[in-house]
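Colleague: any chance you could fold what I've pasted below:
(3 chains)
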Amino acid sequence: MSRVVLKDLTKRYAGGNLAVDRLNLEVGDGEFVCLVGPSGCGKTTALRMIAGLEDISSGQVLIGEKVVNLLPPRDRDIALVFQSYALYPHMSVYDNMAFGLQLRKTPKPQIETAVRQAARILDLERFLDRKPGQLSGGQRQRVALGRAIVREPAAFLMDEPLSNLDAKLRVQTRAEIARLHQRLKATMIYVTHDQVEAMTMADRIAVISEGVLQQVGTPKDLYEKPDNRFVAGFIGSPSMNFVELKVEADRGSRLVGDGAQVVLDDAQRARLRDLGLTTATVGFRPEHLRVGELEGPGLRLDAKIDVVEFLGNDELIHAVSEGKDVVAIVEADARLTVGDSVVLSADPRHVYLFNPQTDLSLSAG
Amino acid sequence: MSAVQAIASPVTSSGRRLAIRLRPGRMVLNVVLALIAIFWMVPTISLLVISLRPSSSYGVSGWWTVFTDPAQLTLQNYKALFSTGFATGGILDSVITTALITVPATLLVTAISSLAAYSLVFGRWRGRTFVFLLIVGLLVVPVQVALIPVAQLYDAFFNLTGLHVYATLPGVVIFHVAFGLPFGIFLMRNFYTGIPKDLLEAGRIDGAGEWTLFRRVVLPLGLPAAASLAIFQFIWVWNDLLVGLVFLGGNAHHTLTIYLFSFTRTLSNDYWVIATGGIISILVPLAIFFAFQRYFVRGVLAGAVK
Amino acid sequence: MAALPRRRSLGLRRAVATPAPELGGVPLSAGALVETGRPPGGGWRSHLGSLLFLAPAVIWLAVIVGYPLIGTIRDSFYNGNSTSFVGLANYKTVFSTADILVTFRNNVIWVVVAPFLLTFLGLVFAVITERIRWATAFKTVVFMPIAFSMTASGLVWNSIMNIDPHVGVLNATLETVSDWFSPPGLYPVNTSAGQTIASLAASGLRPGPGGTLVSSASVSPGQSLRLGLIGISPATLELVGAKSAQTVSPVSGAVNGLVWRAFSPAHPTVRNQVFPGEDGIVGMHLTLLGSDGSSVATTTTDVHGDFSFTGVSSGSYHVQLDSTNFSSGFTGIYWLSGNQSITPTSGLSQTAQALLSIPLVDMSMIIAYLWIWAGFAMVIIGAGLAAINREVLEAARIDGATEWQTFRRVTMPMLAPVLVVVFVTMIINVLKIFDIIVNMAPSVSQSNTLATELYYVGFSSPPAYGLASALAVLLFILVVPVIFINLRRIR
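Modeller: The predicted model follows:
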């Protein structure tokens, strides 16, 4: 196992568009890192550059302290699990997993041991003689994993491996991959567009948008301390609410809008003054909103309820405030009905301020 | 900047570009393929050139001398052939005869195949698969097997009704349609299975009868396949020789292929006719080939690959 | 609940649902439909409708294909005009007539050689075109011949493979290449007219080894020779600029002489005298042979036919007229020959020869056939190639396979079904082949296959329906296995 380091990794296509723009990332030995972002953000391109399936326009990829830019995939000691599994349809499950070793002229007994062990880990022993066409989606995914395990690579690369599975199977396989990681202690780089997968599986997450790295951190870090509006809105489901409020002309101690207000603390006030901002974007998560007045500093909104979705223990409320749709998750005994006017409030530590021009977070640190 | 040059190949079916590394071998490959392509065009070009040279020069000097002596090109052969006008047995008459056989055959095959395919896919009666397999089995039956009995059949029909079928255009058309149906039904049926049955269920609930469903739902959706079939069938019938020979023999009108074939005995003297007639005979199929290449290729693929 | 409008052809009974109060009083949509057990949308009427659609096709096929198939089988047991039952007589004729056995042989050759070559060529093209930018243009060029009639193609290739290098491109190209290596001499012998090199010797010459003519007498320096030839046309001599022959006087230290055309109309039978009006033979390459036969010097005759070897040391010599003077160069290969066989079969019995030889014409026609159908194979295999999931190939790359290993162990197995389809389709096609043979090699009886033989037998006069039907049945039998392969594939 080894580290994978990306230094200023860039992919430029003919015509000038940058699919990946100077990506810097260090994946530690045995670490599980997720590259996450919306479709087309460049995460798959980055992964393929690490694998050697795409040429690198500039920058470096290091696997185990060795620069691998010019090495073909088979010399990079990596294994890749494809979204579509990419199993050899004419070979049995056994041969699928053994293929890489066969090519390297590994002696048969060794191949046998390695394949059987991987099959045991993934509960595939019954299927070794079958062809991929005879397996279900989940089973095929496990064969793809098995093929990777057998190689004992320095790093596992996974390209949205769960996207082709149905919801239930996805949850199951997610747990299996997590278990696999614990067991093998392998370095894993996992690409997905689903932030739930990233949050549940990764040691650290790298959020990417339009080829540019937005933030790297643990799931907790990204949830509690997003660096910019994109990360704040991408992480967490349902996603964070955003409203634009004006800085109060008087003393600048509040942000106000059409029935919304945020009481600022000194640090926030100073920040706004230093940057000379007259408006700010305010973000707040649905799960942090409460029905009722604010006591002390924090966010307070007047809202009119539009839709109420009963979730059992909670209710999901769509309300209109500041002309915008605001989502809140509150306890179900709030007895709210459509058309009610309510006051929603949130604690100051759950209120995020962003520079409306740069979308960067205004919080210190 | 990467030190390795990359050439992006055409985007493949999964939408990815494969990076291929440039090697000097690539140059050699391109040259070899260019030579093959040129070689491939030689026969066609030879026919064209011979048709544009005076008939007397055949056998005296090779047609390739036009490249060094372009002055010898002339249109006299074409003028000579066209000078017979629409006289029976002449080239223009043959073009018309061929068209009069090909067009009805194509239309009939396409229409009947579509109808049959509809029944085989959307009909709700038992034994559809069996009938389909039966028809598909007929795909490989060679025309030779039916030539004589059908000729006898035509004769019997004449004895019965006094209507000539043998040695008439309809006689040829009837035969061509029969042998075009297995392929046509195969192609249309395969395409129709891709049409969601829900569409028809919705139509039936709305009150549409089978004919309406066919005419207004399935047929329009199946147009690409029908086009492929029509084009493939057209070229096939236009270029046929054997069926024409058997069922039009004795008729003063010829198809283009019969016209060309009739000169094989006097090849060395009359090759100019063959060359000129040959070029004229391939104009229509070539035009269709180029105009509808995509459909034609699709027809070919459908016929051979499931 | 409002009554629903009645609709024709809907064999349903409708039930009107009552609203369920426990769902908060929200009424269900009016007119929930309840099946009666028949499929919705019509009963027997729709069955009839779609069966009617099938009728034209079925009737057409039954009358023109189904019934005749049976008819042919029946006819094969009857005589020439289908009047009396003859049992297996026709089949016996088929298997005992040499000519018909030959058609079997040809069919075998076609079926064994053509589909294999075609599939191979199609595969090569399909793979190679993946790597060039102008793939579409290449594919169009190679695929285009399919649009031509096999008749036109057969006629084109007839011309290309013509034996005369002034007509056939193939022989013309070969001639150019061959002439470059061994150009024809000025005075080629006309072998088709029965001329031999030896017959050219008229006076003072005898045939030598290796197609040469050598002076009968030996010479020493200071002597002069007169070598006479006949059988050389005056037209040729005029073409090469020959002048009247002139005798030369001996020169010491040199061997010289005259080579001339020893024919004078005034003295037609006298060969050893030089008469006025006889031309010298110009441009004749001569070699001076030593007593051991080795070459000492070479020279060429001038416009008067005179030659001279100077500076010759004393000894006994012969003068040789080199063989290159008489070589006819390339005269053209008879590609469409039914008698020249690729396999060595001379010396075998008649039947063995018939069955084992592979006439050149078959191979030539197969080449023409390749030209027409290689594009077809290429397009289909190309489509199969493109349908291969690129990620599987990438997985192989990551697993460590080189390009060749990927091709052999991943691509080819995945391509196998397509290759089989092409192969089988071509086998069927080849069994039915008619147009190409009849137009490319019309008078070569050795080139016939079952299909052409069938036509000739069945539609000549008087027509031999019985025999033709027997041939048709045999053709059909050959094709039947493919029917099963197809059916299995489609199921």
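Colleague: what residues does chain A have near chain C?
Modeller: Neighbours of chain C within chain A, by Cβ under 8 Å from any Cβ of the partner chain: A:51-53, A:72-74, A:78-80, A:82-84, A:86-91, A:99-100, A:103-104, A:147, A:151. (Glycine included, C-beta is placed from N, CA and C.)
Colleague: again, only using 6 Å
Modeller: Selection of chain A residues close to chain C by Cβ under 6 Å from any Cβ of the partner chain yields A:53, A:73-74, A:80, A:82, A:84, A:86, A:88, A:90, A:99-100, A:103-104.
Colleague: of these, buried ones?
Modeller: Buried by 16 or more other Cβ atoms under 10 Å in any protein chain shown: A:53, A:73, A:74, A:80, A:82, A:84, A:86, A:88, A:90, A:99, A:100, A:103, out of these.
Colleague: now the residues you listed as CSV including secondary structure?
Modeller: Converted to CSV, these look like this (DSSP: H, G, I helix; E, B strand; the rest coil):
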residue, secondary structure
A:53, coil
A:73, helix
A:74, helix
A:80, strand
A:82, coil
A:84, coil
A:86, coil
A:88, coil
A:90, coil
A:99, helix
A:100, helix
A:103, helix
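Colleague: name the SS class of residue C:466, please.
Modeller: helix.
Colleague: let's have the residues of chain A next to chain C in JSON lines, adding pLDDT.
Modeller: Output for the residues of chain A next to chain C, formatted as JSON lines (pLDDT from 0 to 100):
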{"residue": "A:53", "pLDDT": "92"}
{"residue": "A:73", "pLDDT": "90"}
{"residue": "A:74", "pLDDT": "87"}
{"residue": "A:80", "pLDDT": "94"}
{"residue": "A:82", "pLDDT": "93"}
{"residue": "A:84", "pLDDT": "89"}
{"residue": "A:86", "pLDDT": "91"}
{"residue": "A:88", "pLDDT": "94"}
{"residue": "A:90", "pLDDT": "91"}
{"residue": "A:99", "pLDDT": "93"}
{"residue": "A:100", "pLDDT": "90"}
{"residue": "A:103", "pLDDT": "89"}
{"residue": "A:104", "pLDDT": "87"}
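Colleague: so where does residue C:115 fall, helix or strand?
Modeller: Element membership for residue C:115, per DSSP states H and E: helix C:98-129.
Colleague: ignore what I typed, I meant residue C:213.
Modeller: Assigned by DSSP H and E, residue C:213 belongs to strand C:212-215.
Colleague: that older thread, which of the buried ones among the residues of chain A next to chain C lies closest to residue B:175?
Modeller: Nearest to residue B:175, judged by Cβ to Cβ, of these is residue A:90 at 42.8 Å.
Colleague: how about that closest one, what does it touch?
Modeller: By Cβ atoms under 6 Å, 6 or more residues apart in numbering or on different chains, the residues touching residue A:90 are residue C:413.
Colleague: what values do phi and psi take at it?
Modeller: Here is the backbone geometry of residue A:90 (degrees, to the nearest 10): phi -90, psi 0.
Colleague: any residues touching the strand holding residue C:213, and which ones?
Modeller: Contacts of strand C:212-215 with the rest of the structure, by Cβ under 6 Å, 6+ apart, involve C:201, C:204, C:205, C:208, C:225, C:318, C:319, C:320, C:321, C:322, C:323.
Colleague: the next helix or strand after it packs against which elements?
Modeller: Using DSSP H and E, the helix or strand that follows strand C:212-215 towards the C-terminus is strand C:223-229. Applying 3 or more Cβ pairs under 6 Å, 6 or more residues apart in numbering or on different chains; DSSP states H and E, one finds that strand C:223-229 contacts strand C:201-203, strand C:255-261.
Colleague: of all those strands, which lies closest to chain B?
Modeller: strand C:255-261 (28.0 Å; Cβ to the nearest Cβ).
Colleague: what angle sits between that closest one and strand C:223-229?
Modeller: On the basis of axes from the mean of the first three to the mean of the last three Cα atoms, to 10 degrees, strand C:255-261 is oriented at 20 degrees to strand C:223-229.
Colleague: could the buried ones among the residues of chain A next to chain C go into JSON lines alongside distance to residue A:229?
Modeller: Shown next, in JSON lines, are those (distance: Cβ to Cβ, whole Å):
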{"residue": "A:53", "distance to residue A:229": "33"}
{"residue": "A:73", "distance to residue A:229": "37"}
{"residue": "A:74", "distance to residue A:229": "42"}
{"residue": "A:80", "distance to residue A:229": "33"}
{"residue": "A:82", "distance to residue A:229": "33"}
{"residue": "A:84", "distance to residue A:229": "34"}
{"residue": "A:86", "distance to residue A:229": "37"}
{"residue": "A:88", "distance to residue A:229": "45"}
{"residue": "A:90", "distance to residue A:229": "50"}
{"residue": "A:99", "distance to residue A:229": "46"}
{"residue": "A:100", "distance to residue A:229": "44"}
{"residue": "A:103", "distance to residue A:229": "48"}
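Colleague: beta partners of residue A:330?
Modeller: residue A:315 (DSSP bridges).
Colleague: which SSE is immediately downstream of the helix or strand harbouring residue C:55?
Modeller: Per DSSP H and E, residue C:55 falls inside helix C:44-61. Once the chain leaves helix C:44-61, the next helix or strand it forms, by DSSP H and E, is helix C:67-75.
Colleague: where are the low-confidence patches of the stretch 251-365 of chain A?
Modeller: Filtered on pLDDT under 70, the stretch 251-365 of chain A yields the residue ranges A:252, A:334, A:364-365.
Colleague: hey, least reliable of the helices and strands packed on strand C:223-229 by pLDDT?
Modeller: Per-stretch mean pLDDT for these is lowest at strand C:201-203 (a mean of 82).
Colleague: tell me the pLDDT at the residue of the stretch 1-150 of chain A found nearest chain B?
Modeller: For the stretch 1-150 of chain A, the residue closest to chain B is residue A:55, as judged by Cβ to the nearest Cβ, at 4.8 Å. Listed pLDDT for residue A:55 reads 92.
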